[in-house]
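**Q** Show me the folded form of this:
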Amino acid sequence: MKRSLEHIEYKEDTEALATFAKALAHPTRIAILKHLDTQSCCFTGDLVEVFPLAQSTISQHLKELKNAGLIQGELKPPKIKYCINQDNWKRAKSLFQDFFD
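**A** This next block holds a predicted model:
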C-alpha cells in the first residue's frame, strides 16, 4: 500500500511541476509574475501600462497563469483583480527546488 501512495504523490508532484513549467515557458508570463510579486494585486489595465502588449495578449497570458494556479483573479466589475496564488506559488518553488537539487 505504501508503494501505491508514493506513486500517487510522485505522479501528482510531477504533473504539478510540468503544469507550472509550461505556464512559465513564456518570458512575458515570467515578467508578469515578477511584477505581481512586487504588488499586492493589480488589474489587467495596470499590466497593459507596464508591458508594451495589447490587452488581449496580456489577458491570454493571465489566463494561462491562472489555469496553472499560479495566480488568482477576483471579479471587481467590470474588472478582474489579479494576484499571486501564494499557496501554489510556494508549492511551485518547492517542486522546482526539489527538481534542481
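
**Q** Name the helix or strand of the protein that has the lowest mean pLDDT.
**A** helix 2-23 (a mean of 82; mean pLDDT, DSSP states H and E).

**Q** element containing the residue lying closest to residue 26 once chain neighbours are set aside, please.
**A** When the adjacent residues along the chain are set aside, residue 26 lies closest to residue 61, with 6.8 Å between them (CB to CB, 6 or more residues apart in numbering). All C-beta spots, glycine's among them, are computed from the backbone N, C-alpha and C. When secondary structure is defined by DSSP states H and E, residue 61 falls within helix 55-67.

**Q** Can I get that helix as CSV, trimmed to CA atoms?
**A** Extracted C-alpha coordinates of helix 55-67, given in CSV (Å, rounded to 0.1, in the frame of the first residue of the first chain):
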residue,chain,number,x,y,z
GLN,A,55,-4.7,44.0,-23.6
SER,A,56,-5.9,40.8,-25.3
THR,A,57,-2.3,39.4,-25.2
ILE,A,58,-1.9,40.3,-21.5
SER,A,59,-5.3,38.6,-20.9
GLN,A,60,-4.2,35.4,-22.6
HIS,A,61,-1.0,35.3,-20.5
LEU,A,62,-3.1,35.9,-17.4
LYS,A,63,-5.4,33.1,-18.4
GLU,A,64,-2.5,30.6,-18.7
LEU,A,65,-1.1,31.6,-15.4
LYS,A,66,-4.5,31.3,-13.7
ASN,A,67,-5.2,27.9,-15.3
